[in-house]
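In: One predicted model, sequence on top.
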Amino acid sequence: MKGVLIYSEKEAVRNAFAIKKFKENLNIDLVNPDFRGNADFVINRTNDYKVGKYFEEKGIRVFNPSKLSRLANDKQYCYEFMAENGIPIMPIDYTKTPVIKKPVDGHGGQGVVLLDKAEPFEKNYVYQMPCDTLGKDLRVWAIGGEIIAAILRESETDFRSNFCLGGSATVYHLSDTEKTLVKKVISLIDSDYIGIDFLFHSGQLVFNEIEDTVGARMIYEKTDIDIIRLYCDYIKKEMEN
């Protein structure tokens, strides 16, 4: 059984550790998004659902599925989907301030700004009301629909709490109510290995986004969980079925 791991050239450099872990645990080749050869399975780490869809149409198993990639990488589409399915989100409204402006396909807090005054609507952005607890959010990792870990991210200097932007990170223990919400989100989507981010508003979790190509730096720094190995074990079992 031979697979391919797809990264862009830029992301391959940034994710050298993850690539090393994948290669240690799976029989795979690292390829770029232009790859059009054959494989027994594909791990799509591009954030581009069209890459996964190409291989799915050839009958090749793709991790994560293209439908998940499409949902996760279009914030407007994702928020609408979650709201329609009863998942709490912060309201979308570009006419009120303050408002948080996000690129619809952004990641890692890049391009996210907090506006104190209204501005003309820009296409390809989402305008979302801020939560009442800025600089704090929660990431939950899941593999095959099972919760693996949760980590609280906090920043004292930025309304964005992303670890890659200098925020702190601590292991978080989900309450039963929080687990119920996380499991409801997971039940709505067909996923393999994802991160789900939540904000804190009025003392409760509010859905923020799904990370399709979720990173693992916080997991390895803050826990003893070898999450990429767990993901690789999951892939092996999936391919045996």
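Out: Okay, I see it. The structure presented is a predicted model; accordingly, all values stated were derived computationally and were not measured.
In: Let me know the outermost residue of this protein.
Out: Relative to the mean C-alpha coordinate of the chain, counting by C-alpha atoms, centre = their mean, the farthest residue is Lys117 (29.4 Å).
In: Give me the nearest residue to that one, chain neighbours excluded.
Out: Thr97 (5.6 Å; C-beta to C-beta, 6 or more residues apart in numbering). Every C-beta, even on glycine, is put in place using the N, C-alpha and C of the backbone.
In: How much space separates that neighbour from Tyr79?
Out: 19 Å (C-beta to C-beta, to the nearest Å).
In: And for Ile100?
Out: Distance from Ile100 to Tyr79, by C-beta to C-beta: 12 Å.
In: On the three-state scheme, the nearest residue to Lys67 once chain neighbours are set aside is what?
Out: Among residues not flanking Lys67 along the chain, Asp190 sits closest, at 6.4 Å (C-beta to C-beta, 6+ apart). Classification of Asp190 by DSSP: H, G, I helix; E, B strand; the rest coil places it in coil.
In: Which of Thr97 and Tyr79 has more residues huddled nearby?
Out: Tyr79 (21 against 15; other C-beta atoms under 10 Å).
In: Report the contact partners of the residue lying closest to Gln204 once chain neighbours are set aside.
Out: Of all residues not flanking Gln204 in the chain, Pro88 sits nearest, at 7.4 Å (C-beta to C-beta, 6+ apart). Neighbouring residues of Pro88 by C-beta atoms under 8 Å, 6 or more residues apart in numbering: 181, 201, 204-207.
In: any chance of those in JSON lines, plus distance to Arg61?
Out: Output for the contacts of Pro88, formatted as JSON lines (distance: C-beta to C-beta, whole Å):
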{"residue": "Leu181", "distance to Arg61": "29"}
{"residue": "His201", "distance to Arg61": "38"}
{"residue": "Gln204", "distance to Arg61": "37"}
{"residue": "Leu205", "distance to Arg61": "32"}
{"residue": "Val206", "distance to Arg61": "33"}
{"residue": "Phe207", "distance to Arg61": "28"}
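In: Inside helices: which ones of the residues you listed?
Out: Among the contacts of Pro88, DSSP state H puts Leu181 in helices.
In: Next step: the contacts of Pro88 restricted to strands.
Out: 201, 204-207 (DSSP state E).
In: quick one: contacts for Trp141?
Out: So Trp141 contacts 147-150, 193-195, 214, 216, 219, 227 (C-beta under 8 Å, 6+ apart).
In: Wait, a strand at it?
Out: Yes: assessed with three-state DSSP, Trp141 lies in a strand.
In: what are the bridge partners for it, then?
Out: Ala149, Gly195 (DSSP bridges).
In: What pLDDT is listed against the most centrally placed residue in the chain?
Out: In the chain, the residue lying closest to the centroid (C-alpha atoms, centre = their mean) is Glu211, at 0.6 Å. Glu211 carries a pLDDT value of 96.
In: Thanks a lot, see you next time.
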